[in-house]
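Colleague: A predicted structure for the sequence below; I have some questions about it.
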Amino acid sequence: MTTKKQLKRALLAVSVSLASFTPFAFADYTIFHNAKGYTLKKNKGVHEFSTLVIKDGKVVATGDKSIISTYSPAEKIDVEGKTLLPGLIDAHGHIIGLGKNQSQLDLRSSSSLKDALKSIEDYANQTDGWVIGRGWNQENWPSKAFPTAKDLDAIVSDRPVALTRVDGHALWVNSKALEIAGINKDTQAPSGGEIIRLDSGEPSGILIDNAEPLVYQHMPSVDKTEVNKRLDAAGEHLLSLGITSAHDAGIDNLTYQVYLERAANNTLPIRIYAMLSATDSELTKQLAAGKKFDDNDMLAIRSIKVYSDGALGSRGAALLEDYQDRIGHKGLMLMSKDELENVFTQAFKAGFSVNTHAIGDRANRVVLDTYEKVYAKSGGKLLRNRMEHAQIVEPSDIKRFKQLAIIPSMQPVHATSDMHMAEDRLGKTRLTGAYAWQTFLKQGSRIAAGSDFPVELANAFHGLYAAVSRQDKDGAPKGGWLAEEKLTREQALRAFTLGAAYAAHQEFKIGSLEKGKWADFIIVDTNYFKAPLSDIYHTQVEQTWLAGELKYQQK
């Protein structure tokens with residue numbers, strides 16, 4: 001039988017237990033205080049704050065410490081004077097490709113052909129079946145020459161090897177892979193592709209752009225389980241870098257299905273703005289199914305990705321004049337003018353934006369012409385269409401971006417990775433209009449910035465540093481390459497936040513820490529606005545919060 005004394009003790013224990021959860025367990029608000037907080041204002045300027053208040057995953061207020069008493073009950077988190085920024089948005093990447101890279105051979109750090117072959121041999125000795133990898137870049141090797149199938153045959157000859165160049169626009173294969181694909185001296189490259197050949201006319205082992213699928217179609221297929229695995233790996237990596245949203249530049253139908261399922265189950269690791277692939281066999285059905293969104297703004301599918309040309313490093317970018325280092329060659333257009341016009345028309349009629357890969361000045365001009373022509377017939381100008389990369393643009397064509405309401409979606413790290421190679425390909429006099437970020441901004445264009453991962457590393461702080469410095473990580477060249485195109489720190493951060501959000505029709509939901517927007521933010525170890533320039537490159541993300549929930553904590 002319970003005595004009054006025992007009952008009194010029990011009630012006291014309950015009251016103490018409840019008190020231990022107050023205000024945290026029953027808090028209406030979460031308050032982050034003692035922060036060096038920065039967020040961009042809608043049009044221009046930076047808002048500084050020390051206190052961030054959130055509720056139900058969204059921003060309630062930002063200000064100084066005086067606002068703390070306004071919101072109660074609240075859980076209070078001391079940021080300890082560290083820098084708090086909006087979550088970063090990468091406006092151009094390949095999410096499943098990034099996840100794939102986490103588990104396959106990565107040749108990005110290879111400094112020579114010999115170095116690459118050693119890595120390939122070591123990897124092959126630990127795997128069965130196809131040897132698959134990515135990341136080689138002959139421009140980082142002393143010879144700067146494309147490798148050959150014979151080079152690979154010397155280390156792996158009994159099974160196929162397929163290694164994608166860092167930019168994704170060239171494939172290096174061994175003789176076994178050529179045999180499986182039926183590629184020989186008599187094989188004709190498809191339109192928009194090239195089979196690099198030896199003096200004998202035999203295939204060298206390098207396939208450019210539209211010739212790559214000749215081998216890809218024979219490689220092991222991927223199922224939903226693998227796509228989900230890659231998505232999770234990519235999401236974990238991106239969150240560790242402070243990226244809370246990414247624009248996936250061209251997804252196949254299997255990825256489309258996985259994204260829809262994960263969104264429905266609210267298990268997407270980051271926010272994803274996914275572009276349908278213009279070459280996918282299911283595109284017509286996908287467009288007919290309409291634009292896709294979810295209630296938590298974790299997924300948006302309302303655009304398509306089109307490839308118009310190749311890349312500068314593999315000499316596939318379509319140029320108006322010959323490559324300086326390959327006379328008689330002007331690169332490759334991957335789609336004809338009629339094909340471009342047809343796919344633009346199809347997308348616009350379905351209400352989908354068109355985001356077109358265009359690197360060379362010829363490709364940019366042809367695509368601008370196509371936008372203009374299709375606008376006149378079908379409309380579509382208000383859909384926030386984009387030019388992905390817009391790296392080499394003939395100066396007279398830059399103003400057309402503004403006239404045609406085309407958003408330049410650009411990757412600052414490409415400039416500092418390409419600066420020496422770009423001069424070899426084009427010569428100094430043709431670099432006017434190359435990676436012209438400041439020129440675009442001055443005419444009123446909005447830039448959406450990204451990294452093009454896994455072509456480049458996904459670290460957005462490398463992109464922010466490149467945008468502001470126009471230098472490599474070692475500070476070269478002094479003063480910056482084509483320094484007149486540098487961005488200010490505010491402009492660079494805007495391109496990786498509000499600019500990217502605008503390009504996805506999401507500027508009223510994410511991109512800045514304003515009242516009513518999702519509370520996506522990061523805490524970093526560097527004061528982005530005040531630290532020495534070189535420190536930006538080395539910034540470490542300590543915490544990443546998505547919709548007010550901690551998703552990454554530095555160990």
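Modeller: Received it, and whenever you're ready, just let me know what you need. Numbering: from 1, shown residues only.

Colleague: since we're on residue 246, how many residues are nearby?
Modeller: Residue neighbour count, defined by other Cβ atoms under 10 Å, stands at 29 for residue 246. (Each C-beta comes from the backbone N, C-alpha and C, glycine too.)

Colleague: for it, which non-adjacent residue is closest in space?
Modeller: If the residues on either side of it in the chain are set aside, residue 246 comes closest to residue 90, at 4.6 Å by Cβ to Cβ, 6 or more residues apart in numbering.

Colleague: partners of the most centrally placed residue in the chain in the sheet?
Modeller: Relative to the mean C-alpha position of the chain, the nearest C-alpha, by Cα atoms, centre = their mean, is the one of residue 93, at 2.3 Å. On DSSP bridges, the residues paired with residue 93 through beta bridges are residue 248, residue 453.

Colleague: need the pLDDT of it.
Modeller: pLDDT, residue 93: 98.

Colleague: next: the one 4 residues further on.
Modeller: Reported pLDDT at residue 97 in the predicted model: 94.

Colleague: now for it: which residues touch it?
Modeller: Contacts of residue 97 were listed using Cβ atoms under 8 Å, 6 or more residues apart in numbering, and they are 168, 453, 454.

Colleague: what helix or strand does it sit in?
Modeller: helix 95-101 (DSSP states H and E).

Colleague: run the chain-centre distance for that helix.
Modeller: Taking Cα atoms, centre = their mean, to the nearest Å, one finds helix 95-101 lying 11 Å from the centre of the chain it belongs to.

Colleague: tell me how far the residue nearest to the centre of the chain lies from residue 204.
Modeller: Residue 93 is 30 Å from residue 204, where distance means Cβ to Cβ, to the nearest Å.

Colleague: swap in residue 109?
Modeller: In this structure, residue 109 and residue 204 are 24 Å apart, going by Cβ to Cβ.

Colleague: okay, these two: which has more neighbours?
Modeller: Between residue 109 and residue 204, counting by other Cβ under 10 Å, residue 204 is the more crowded of the two (20 against 11).

Colleague: how many other residues sit next to the closest residue to the more buried one other than its chain neighbours?
Modeller: Here the nearest residue to residue 204 in space, its sequence neighbours aside, is residue 196; by Cβ to Cβ, 6+ apart that works out to 4.6 Å. Burial of residue 196 is recorded as 18 neighbouring residues (other Cβ under 10 Å).

Colleague: what about residue 196, which SS state?
Modeller: For residue 196, the secondary-structure state derived from DSSP: H, G, I helix; E, B strand; the rest coil is strand.

Colleague: looking at this protein, which helix or strand is least sure?
Modeller: helix 4-20 (a mean of 38; mean pLDDT, DSSP states H and E).

Colleague: ramachandran coordinates for the closest residue to residue 78 other than its chain neighbours?
Modeller: Leaving aside its chain neighbours, residue 78 sits nearest to residue 34 (5.2 Å; criterion: Cβ to Cβ, 6+ apart). With angles defined as degrees, to the nearest 10, residue 34 shows backbone torsions of phi 60, psi 40.

Colleague: for residue 34, give me its contacts.
Modeller: When contacts are counted by Cβ under 8 Å, 6+ apart, residue 34 is found next to 50, 65, 78, 79, 80, 81.

Colleague: in strands, which of those appear?
Modeller: residue 78 (DSSP state E).

Colleague: the closest residue to residue 41 other than its chain neighbours - how many residues pack around it?
Modeller: Computed as Cβ to Cβ, 6+ apart, the closest residue to residue 41 that is not its neighbour in sequence is residue 47, at 5.5 Å. One way to gauge burial is a neighbour count; for residue 47, by other Cβ under 10 Å, it gives 15.

Colleague: helices of the stretch 151-300 of the chain, residue ranges please.
Modeller: When assigned using DSSP state H, counting those that start in this stretch, the helices of the stretch 151-300 of the chain occupy the ranges 175-181, 213-216, 224-240, 253-264, 283-288.

Colleague: so who does residue 529 touch?
Modeller: Residue 529 makes contact with 38, 46, 489, 490, according to Cβ under 8 Å, 6+ apart.

Colleague: which SSE is it in?
Modeller: Under the criterion DSSP H and E, no helix or strand holds residue 529.

Colleague: how about the nearest residue to residue 523 once chain neighbours are set aside, phi and psi?
Modeller: Nearest residue to residue 523, sequence neighbours excluded (Cβ to Cβ, 6+ apart): residue 543, at 4.2 Å. Backbone torsions of residue 543, given as degrees, to the nearest 10, read phi -150, psi 150.

Colleague: who's residue 543 bridged to?
Modeller: As assigned using DSSP bridges, the partners bridged with residue 543 are residue 523, residue 553.

Colleague: neighbours of it, just the number please.
Modeller: A count of neighbours around residue 543, defined by other Cβ under 10 Å, yields 20.

Colleague: wait, it sits on residue 549?
Modeller: No. At 11.0 Å, residue 543 and residue 549 do not qualify as touching, with contact defined as Cβ atoms under 8 Å.

Colleague: how close does the nearest residue to residue 368 once chain neighbours are set aside get to residue 213?
Modeller: Leaving aside its chain neighbours, residue 368 sits nearest to residue 400 (4.9 Å; criterion: Cβ to Cβ, 6+ apart). Relative to residue 213, residue 400 is positioned 32 Å away (criterion: Cβ to Cβ).

Colleague: likewise for residue 205?
Modeller: When Cβ to Cβ is the yardstick, residue 205 and residue 213 sit 16 Å from each other.

Colleague: now residue 243
Modeller: Relative to residue 213, and taking Cβ to Cβ, residue 243 is found at 30 Å.

Colleague: more neighbours, the two?
Modeller: More neighbours sit around residue 243 than around the other of residue 243 and residue 213, counting by other Cβ under 10 Å; the figures are 30 against 16.

Colleague: show the contacting residues for that one.
Modeller: Residues near residue 243 by Cβ under 8 Å, 6+ apart: 87, 88, 89, 90, 270, 458, 460, 544.

Colleague: among these, which are located in helices?
Modeller: Cross-referencing the contacts of residue 243 with the helices (criterion: DSSP state H) gives residue 460 as the overlap.

Colleague: next up, phi/psi of the closest residue to residue 106 other than its chain neighbours, please.
Modeller: Excluding the flanking residues, the one nearest residue 106 by Cβ to Cβ, 6+ apart is residue 135, at 4.9 Å. Note on residue 135: its backbone torsions stand at phi 120, psi -10 [degrees, to the nearest 10].

Colleague: and residue 135, how many neighbours does it have?
Modeller: Residue 135 has 21 neighbours, counted by other Cβ under 10 Å.

Colleague: and it, what's its pLDDT?
Modeller: Reported pLDDT at residue 135 in the predicted model: 93.
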